[in-house]
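*Asks:* Provide a 3D model corresponding to the input given below.
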Amino acid sequence: MAEIAFVLESFPQLSETFVLDQMRSLASDGHKVHVVADQLNDLNENVFGDLSFITSLNNRWKMQNLISGLLGHFPWFISSRLKVFFDVISDGQLRKYDLLVAHFGLNGARLAKSRSFRRFGAPIICIFHGYDVGIPFFEGKLNFYKCLFKEARLLLCVNEWFCDVLSDAGASSVKLKVHRMGVNVGRIEYREREQNRLDILSVCRLVEKKGISVALKAVSLLVEDRPDICIRFRIVGDGPLRDMLKQQAHELGIAAYVEFLGALPHAKVQNLLYGSNVFILPSVTASNGDVEGVPVSLMEAMASGAAVVSSRHSGIPELITHGVSGLLANEFDVQGFASALEELHDKPDLTSSLALQGRAKVETDFNAEKLRQSFLNYIGNCLS
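*Replies:* Prediction:
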């Protein structure tokens with residue numbers, strides 16, 4: 001039994017249920033799980049479930065409220081350096097743990113800096129998810145991770161492309177491993193869908209990299225070119241672009257076809273998924289370089305029996321093989337996405353085949369139970 005701390009910026013977060021899944025796996029394997037976070041949020045059991053398996057919850061910094069308030073008065077490039085300063089002062093508390101797990105590279109880099117000052121000696125596992133690779137890659141600042149590459153015991157990436165990028169930036173190939181996020185396939189029933197209409201669903205945070213603007217333009221093209229097709233497009237999620245996207249739907253003349261449903265509990269999302277035959281996520285590289293890892297929403301849609309349409313972006317082609325387990329278009333290719341939607345409507349046999357192969361792909365390579373054991377093996381190797 002080991003004392004394992006997850007060192008996070010904010011905990012818990014609804015968008016990071018994969019963190020809770022890993023914690024539960026470690027606790028069920030007999031380890032004591034701790035949380036050390038910049039910000040501790042409301043532990044709402046109705047939202048996050050029973051969290052009693054967590055041994056302790058700790059603020060990372062001494063004088064947490066004072067420091068958090070202070071950082072808000074500085075630009076990010078100053079506050080990021082101040083964070084490291086306060087980390088080094090406070091991270092002596094991490095000496096009592098046997099292993100530290102950091103999600104997202106920026107958080108791992110902070111941990112590595114403290115370790116380089118010998119504030120603690122426990123090994124670090126850092127998991128890279130998306131923006132933490134895409135943005136520094138876009139800005140030419142991957143050397144920011146130089147200390148992390150040296151201090152970490154293991155660097156886990158959710159897709160192969162991230163591993164390649166970090167390897168080119170100087171990370172040791174011995175430390176780099178692909179460890180995918182996955183879904184609990186056993187809890188997702190596969191259901192065949194009716195194919196006589198296009199009932200399209202997107203589930204995502206409404207931010208630039210999700211590409212919902214592209215999806216709206218593709219639906220607009222299809223409405224114009226194929227008035228014979230019965231179309232409904234429902235969008236689940238919230239975010240800073242919601243008002244802009246609603247305005248775009250009006251300007252494109254498709255407001256009657258589009259529903260913005262906001263953020264919904266997972267159970268309601270699952271019901272909406274079963275009521276849709278197509279799931280679309282036209283992910284793009286954002287203007288600041290932010291990218292996807294491999295979106296879990298796509299995995300859930302494929303596992304449920306929906307046909308999926310997405311983009312040749314980051315690690316998505318590692319999940320979806322074009323024409324086999326889904327359809328892909330190039331980033332920002334509005335006509336390509338419109339054609340994919342039209343093909344799914346016109347070729348029901350193809351749509352059924354894509355759905356079956358999509359489920360098989362998730363069962364084989366993105367199965368949470370298999371990935372759980374893989375993660376436990378990584379933990380065991382780092383503790384030995």
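*Asks:* Leaving out sequence neighbours, find the closest residue to the residue nearest the centre of the chain.
*Replies:* Centroid-nearest residue in the chain: residue 295, 5.4 Å away (criterion: C-alpha atoms, centre = their mean). Residue nearest to residue 295 in three dimensions, not counting chain neighbours: residue 281, with 5.9 Å by C-beta to C-beta, 6 or more residues apart in numbering. From N, CA and C alone the C-beta is placed, and that goes for glycine too.
*Asks:* my read: that neighbour touches residue 298, true?
*Replies:* Yes: assessed by C-beta atoms under 8 Å, residue 281 is found in contact with residue 298 at 5.8 Å.
*Asks:* anything in contact with each of these two?
*Replies:* Common neighbours of residue 281 and residue 298, using C-beta atoms under 8 Å, 6 or more residues apart in numbering, are 308, 310.
*Asks:* Looking at the two, which is more packed in?
*Replies:* Ranked by neighbour count (other C-beta atoms under 10 Å), residue 281 and residue 298 place residue 298 first, with 28 against 25.
*Asks:* Next, the contact list for the residue nearest to the centre of the chain, please.
*Replies:* By C-beta under 8 Å, 6+ apart, the contact set of residue 295 is 204, 281, 283, 310, 316.
*Asks:* hang on, the earlier thing: show the contacting residues for the residue nearest to residue 295.
*Replies:* 202, 204, 210, 211, 215, 295, 297, 298, 308, 309, 310, 311.
*Asks:* What about these, which are in helices?
*Replies:* 215, 297, 298 (DSSP state H).
*Asks:* separation between the residue in the chain sticking out farthest from the centre and residue 195?
*Replies:* Residue farthest from the centre of the chain, counting by C-alpha atoms, centre = their mean, is residue 228 at 36.5 Å. To residue 195, residue 228 is 15 Å away according to C-beta to C-beta, to the nearest Å.
*Asks:* What of residue 203?
*Replies:* Distance from residue 203 to residue 195, by C-beta to C-beta: 21 Å.
*Asks:* So those two - more neighbours on which side?
*Replies:* Shown here are residue 203 and residue 195; by other C-beta under 10 Å, residue 203 has more neighbours (26 against 20).
*Asks:* who's that one bridged to?
*Replies:* In this structure, residue 203 bridges to residue 236 when assessed by DSSP bridges.
*Asks:* cool, and residue 310?
*Replies:* Applying DSSP bridges, one finds that residue 310 bridges with residue 281, residue 328.
*Asks:* Which positions in the longest helix anywhere in the chain come out as buried?
*Replies:* The helix spanning the most residues in the chain, taking DSSP H as the definition, is helix 348-365. Within helix 348-365, the residues that count as buried by 16 or more other C-beta atoms under 10 Å are 351, 352, 354, 355, 357, 358, 359, 361, 362, 363.
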